[in-house]
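*Asks:* following is a predicted model, sequence given first.
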Amino acid sequence: MTDLANQSCEACSFDAPKVSDSEIETLKGAIPEWQLLERDGIMQLERCFTFRNFKQALAFTNRVGEIAEEVGHHPALLTEWGKVTVTWWSHEMKGLHKNDFIMAARTDEVAK
Ligand SMILES: C[C@H](O)[C@H](O)[C@H]1CNC2=NC(N)=NC(=O)C2=N1
């Protein structure tokens, strides 16, 4: 596991501090394949994973669902034939918390 994937997710409430621009720069280095985007004014992390068929895409979706349930932090998951789009952000604080970067790194581990 990478260092980032190994870090613990902490409780995150609506008033938790968003990650600063310089923190984003550093954390993003550990998950180079993730795209940083803004949707409806909310910063998010997104990556598409490709598979050979729908069954494999669905199995990956379920594994990501399991790691999300383990920590009570949940992504948006779009499962299509041969493709899963995973999007992480912190709903309660309407932005990015360090948890999202940790979970993106763990998602990369699931895909390995
Ligand atoms: C009560 C429950 O813990 C919260 O609603 C959790 C559930 N999963 C969550 N997942 C994400 N990504 N952001 C949240 O703010 C969030 N809140």
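*Replies:* Cool, the structure landed. Numbers count the residues shown, from 1 in each chain.
*Asks:* and the longest strand that the chain contains, which residues are buried?
*Replies:* Identified as the longest strand of the chain according to DSSP state E is strand 42-50. Neighbour-count burial for strand 42-50 flags 43-47, 49 (criterion: 16 or more other Cβ atoms under 10 Å). C-beta here means a position set from N, CA and C on the backbone, and glycine is covered the same way.
*Asks:* which of these sits closest to residue 71?
*Replies:* Nearest to residue 71 among the buried residues of strand 42-50, counting by Cβ to Cβ, is residue 45 at 15.5 Å.
*Asks:* bridging residues for that closest one?
*Replies:* residue 36, residue 88 (DSSP bridges).
*Asks:* make JSON lines from the buried residues of strand 42-50 and add pLDDT and distance to the ligand to it.
*Replies:* Shown next, in JSON lines, are these (pLDDT from 0 to 100; distance: Cβ to the nearest ligand atom, whole Å):
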{"residue": "43", "pLDDT": "96", "distance to the ligand": "13"}
{"residue": "44", "pLDDT": "98", "distance to the ligand": "10"}
{"residue": "45", "pLDDT": "98", "distance to the ligand": "11"}
{"residue": "46", "pLDDT": "98", "distance to the ligand": "13"}
{"residue": "47", "pLDDT": "98", "distance to the ligand": "15"}
{"residue": "49", "pLDDT": "98", "distance to the ligand": "18"}
